[in-house]
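Asker: Have a look at this prediction, sequence included:
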Amino acid sequence: MPIRRTNQSKSRAPTMTAPESIALAINQIDEKREKLKKAFDDLHAYRSLLSPSFNLSWSDIDSHFSSLQSSLSNRFLLLLRSYKTEPSPAVTTETPLLWPELRTFCENMDGKGLGKFMVDNSKKRLSIKPELAQAIRSSSNPAALVLDAIEASYHCSPSSSSSRAIDARRIFVLLLEALIEIKPNLTNELRERARTLASDWRFIIGNKPSEALGFLHLVVVFELGSVFKMDELLDYVFLISNCKQATTLSKKLGLDKTRVAGLVQKLLHTGRLLAAISFIYEFEMTDRFRPVNVLRTSLYNSREAAKRVCAEGGNSLKAQNEATDKELSALRLVIKVVKERNLEFEFFEENLEECVQELENLRAQRRQAAKLDSPANPQKRPRVATGNNLTTTAESQQPPLLPDPRNSLQVNPFGFVNSTVPGFNAPYGNPLAPYGSVPAPAIASRPVYGDQQTGYGLRPQYQPPYYPQ
């Protein structure tokens, strides 16, 4: 019997355009990142079994992921604009948006809905940000819309330390940054609403940078600088000094060089050296504060901090790993600044990249030694490298050569440790360090600034790292 063919057409899913498929893929980035984080955590639980060369941290991966996501979102917007400017004569399609809800809230002047929607999607704020300013422009009153969004979400956060409250503060910053880009018309009524909100906000700032960052954005956008004392605003700038927006907000607040110089000195005295570097360059004060000396001081501080961690932890494996991680983090930050500011020639002799490699190799060697010393290898007695010699594990577990820092180490006003052993200041408390001892630097009672500056915290050249085993 012949097979009868039906003429009924099968339903087919609509074909997406290229921009729509890209938009869908970008929207899935955060979901994929969460899956990657779970997989990384599962893998990290077996780090002792991994190759010694495996030294990635989740913060490194997450930072790279965020950078790629932001770059892709920005490039996609450029692609969409090219679609607008060069439409096909045969096909006319609407430009797809990653977040069409933003446009709907803004066109309807639904600030409360906009704020709630953005807080609910706070983890995806990097993909929201590129579309936000354009969406807010579509509203009839951008400044009023943003105030509505902030006021609704601000009063819905009972505890400023809760995770939702922190997410809300991050969204407030995104909304206010979009307003800075738009430069909306401000009426006296809107300024008064913003002033009332800012007056309430300042009482919950305390020592929380996230609160200070949102508050300062509000002050800048609605031109409230004259409402508050400049010294108070300067304290909030100090609180957010490690945030990338700190120097931009300082300029918009109208801080002059005299006040900024005082802020830089405070940052130097409190050890926020890399934050100080940003202000020194952005306010063109390199003639008064020498960036190279500040960076070398930062390197010196990282070594001193590593030595303290080792000493306080009894030179245990855990303490040494913690010290290594801290020093690696400091080294990478300094290398980043050196490259950004084209200071490679000034640090040629320090070989910072080689120091990073040595620290990573040292950490890998410890991991390998711990693996050999595990219960799975009861018959093996590992030999651990100490300087140019080899000692057994038992020999390496001798008491630390430096006194207990909790009882006898003194910290000077600069946060550096003064050795209690006259003439002895070996790296991480080990006189057998292969690179020799580090001479104790001569520190003036107070740093010298201005035209008489001979270098803030000038230190010896950065020595390669060493940890006792």
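Answerer: In hand now; what should we look at? Numbers count the residues shown, from 1 in each chain.
Asker: Tell me who's in contact with the nearest residue to residue 190 once chain neighbours are set aside.
Answerer: Spatially, and ignoring its direct neighbours in sequence, residue 190 is nearest to residue 143 (5.1 Å; C-beta to C-beta, 6 or more residues apart in numbering). C-beta: built from backbone N, CA, C; applies to glycine. Under the criterion of C-beta atoms under 8 Å, 6 or more residues apart in numbering, the contact partners of residue 143 comprise 179, 184-186, 190, 221-222.
Asker: Recalculate using a threshold of 7 Å.
Answerer: With contacts defined as C-beta atoms under 7 Å, 6 or more residues apart in numbering, the neighbours of residue 143 are 179, 184, 186, 190.
Asker: same check, this time on residue 31
Answerer: So, once contact is read as C-beta under 7 Å, 6+ apart, residue 31 ends up touching nothing.
Asker: So what does it have for phi and psi?
Answerer: When read as degrees, to the nearest 10, the backbone of residue 31 gives phi -60, psi -40.
Asker: Is residue 171 part of a helix or strand, or is it coil?
Answerer: With DSSP: H, G, I helix; E, B strand; the rest coil as the basis, the three-state label of residue 171 is helix.
Asker: was I right about it contacting residue 118?
Answerer: Yes. When contacts are counted by C-beta atoms under 7 Å, residue 171 is listed as touching residue 118 (4.6 Å).
Asker: Please identify which helix or strand holds the nearest residue to residue 146 once chain neighbours are set aside.
Answerer: With C-beta to C-beta, 6+ apart as the measure, residue 175 is the residue that lies nearest to residue 146, at 4.8 Å, once sequence neighbours are left out. Take DSSP states H and E as the rule and residue 175 turns out to sit in helix 163-182.
Asker: any idea how far residue 96 lies from residue 76?
Answerer: The gap separating residue 96 from residue 76 is 10 Å, by C-beta to C-beta, to the nearest Å.
Asker: what do you get for residue 210?
Answerer: 29 Å.
Asker: Please apply the same query to residue 151.
Answerer: Using C-beta to C-beta, one gets 32 Å for the distance from residue 151 to residue 76.
Asker: Check residue 188 too.
Answerer: Distance of residue 188 to residue 76, given as C-beta to C-beta: 40 Å.
Asker: and if you look at residue 233?
Answerer: The gap separating residue 233 from residue 76 is 37 Å, by C-beta to C-beta.
Asker: which of the two has more neighbours?
Answerer: A count of neighbours by other C-beta atoms under 10 Å puts residue 233 above the other of residue 233 and residue 76, at 25 against 20.
Asker: Does that one lie in a helix or a strand, and which?
Answerer: Short version, using DSSP H and E: residue 233 is in helix 230-239.
Asker: Would you mind getting the angle between the following helix or strand past that helix and helix 163-182?
Answerer: The first helix or strand that comes after helix 230-239 along the chain, using DSSP H and E, is helix 246-253. With axes from the mean of the first three to the mean of the last three C-alpha atoms, to 10 degrees as the criterion, the two stretches helix 246-253 and helix 163-182 enclose an angle of 50 degrees.
Asker: for the record, mean pLDDT for the following helix or strand past helix 246-253?
Answerer: Going down the chain from helix 246-253, the next helix or strand is helix 257-269, by DSSP H and E. Averaging the model's pLDDT scores along helix 257-269 yields 93.
Asker: And the average pLDDT for the next helix or strand along the chain from helix 257-269 is what?
Answerer: Of the helices and strands lying after helix 257-269 in sequence (DSSP H and E), the nearest is helix 273-282. Averaging the model's pLDDT scores along helix 273-282 yields 92.
Asker: for helix 273-282, packing partners?
Answerer: In this structure, helix 273-282 packs against helix 246-253, helix 257-269, helix 291-312, helix 317-340, with contacts taken as 3 or more C-beta pairs under 7 Å, 6 or more residues apart in numbering; DSSP states H and E.
Asker: How about the longest one, which residues are buried there?
Answerer: By that I understand helix 317-340. By neighbour count on 16 or more other C-beta atoms under 10 Å, the buried set for helix 317-340 is 319-328, 330-331, 333-335, 337-338.
Asker: any weak-confidence spans in the stretch 251-400 of the chain?
Answerer: The stretch 251-400 of the chain contains residues with pLDDT under 70 at 349, 373-400.
Asker: Give me the three-state assignment for residue 207.
Answerer: Bear in mind the rule, three-state DSSP; under it residue 207 is coil.
Asker: Find the nearest non-adjacent residue to it, please.
Answerer: Closest residue to residue 207 in three dimensions, ignoring its sequence neighbours and counting by C-beta to C-beta, 6+ apart: residue 239, at 6.8 Å.
Asker: Looking at the contacts of residue 143, spot the one nearest residue 22.
Answerer: Taking C-beta to C-beta as the measure, residue 22 sits nearest to residue 179 out of these, at 28.2 Å.
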